[in-house]
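Trainee: Sequence below, structure please.
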Amino acid sequence: MLTHFRGLPLFDGMRRLFKSAQPESQRWVVLDTETSGLNPYSDRLLAIAAVAVEVSSDFKRVSIVIGDSYEAVLKQELPSDKGNILIHHIGAQAQSAGRPPLEVLEEFRQWVGNCPLLAFHAAFDEAMINRAYSLFGLKPLQNEWLDIEPLAKITGANPRIKSLDEWLSHFGIKCTIRHQAAADTFATAELLMRLWPSLIKEANSWASLRSISRQTNWIPR
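Mentor: Residues are numbered from 1 along each chain as shown. Down below sits the predicted model:
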């Protein structure tokens, strides 16, 4: 379990002290959300988990920064239904005892900064997070997003693979608790690392990688 102080890792201060050694533009954030359902226009954001990855200045290496992570459960006035709880395991009591959403969302904005955001099926996470900001009268995040799912297709594996479970199995990545935001986040970050050798053959910058993700999304399934 990660150690946090009001949602921020204790090592975050150390990262900030040495920020000049590794440019902020090379800090990317992989994230995952837990929600009350799969409709980004009506369901609620229950939890956010994220971990930073550092991309080397020559774009050749990417590594997970375990001490630079974030996790928070947002307080819910009404917990999600039992079927939903069985999926993400955030019980009714945990939802009721969560932190004030305004506090979490503003704290998350500060922690993320202007870093790029990555997720598996990122469009859903982006919609859920920015809808939460809007519901609480806050300005949505302005960060750029990248979907990891289309990038997996250029590895030469079966392009019909769609789910995160299938990709984790393909690469032999173990996820301690699926559909638990923190575990899914670290598994997704590890997936990015496994994809990296193939990705850098096609891209040498955030912009080119983002372009490939968008183009690859049109590959027939």
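Trainee: If you count neighbours, what's buried in stretch 206-220?
Mentor: Across stretch 206-220, burial judged by 16 or more other CB atoms under 10 Å covers 206, 209, 210, 212, 213, 216. In this view, the C-beta of every residue, glycine as well, is placed from N, C-alpha and C.
Trainee: Surely the third one touches residue 144?
Mentor: Which is residue 210. Yes - Residue 210 is in contact with residue 144 according to CB atoms under 8 Å; the separation is 6.9 Å.
Trainee: Could you pull up phi and psi at residue 42?
Mentor: Geometry field for residue 42 lists phi and psi as phi -140, psi -20, criterion degrees, to the nearest 10.
Trainee: What segments of the protein are strands?
Mentor: Remark: strands assigned in the chain by DSSP state E are 4-5, 8-9, 27-35, 45-55, 62-73, 117-119, 145-147.
Trainee: helices or strands up against the longest one?
Mentor: For strand 62-73, the elements it packs on are strand 8-9, helix 12-17, strand 27-35, strand 45-55, helix 101-112, helix 181-199, judged by 3 or more CB pairs under 8 Å, 6 or more residues apart in numbering; DSSP states H and E.
Trainee: before we move on, what about the third one?
Mentor: Contacts defined by 3+ CB pairs under 8 Å, 6+ apart place strand 27-35 against strand 45-55, strand 62-73, strand 117-119, helix 122-135, helix 181-199.
Trainee: Indicate which one of these is closest to residue 94.
Mentor: Closest approach to residue 94 among these (CB to CB): strand 62-73, 6.0 Å.
Trainee: What strands line up against that closest one, and which way round?
Mentor: strand 45-55 (antiparallel) (DSSP bridges).
Trainee: Can you check what angle separates the strand it pairs with from helix 101-112?
Mentor: Put simply, strand 45-55 runs at 10 degrees to helix 101-112, going by axes from the mean of the first three to the mean of the last three CA atoms, to 10 degrees.
Trainee: Out of the helices and strands packed on strand 62-73, name the one with the poorest average pLDDT.
Mentor: Comparing mean pLDDT across the helices and strands packed on strand 62-73, the weakest is helix 12-17, with a mean of 44.
Trainee: any chance of the helices and strands packed on strand 62-73 in TSV, plus distance to residue 149?
Mentor: Below are the helices and strands packed on strand 62-73 laid out as TSV (distance: least, CB to CB, whole Å):
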stretch	distance to residue 149
strand 8-9	27
helix 12-17	28
strand 27-35	13
strand 45-55	17
helix 101-112	21
helix 181-199	10
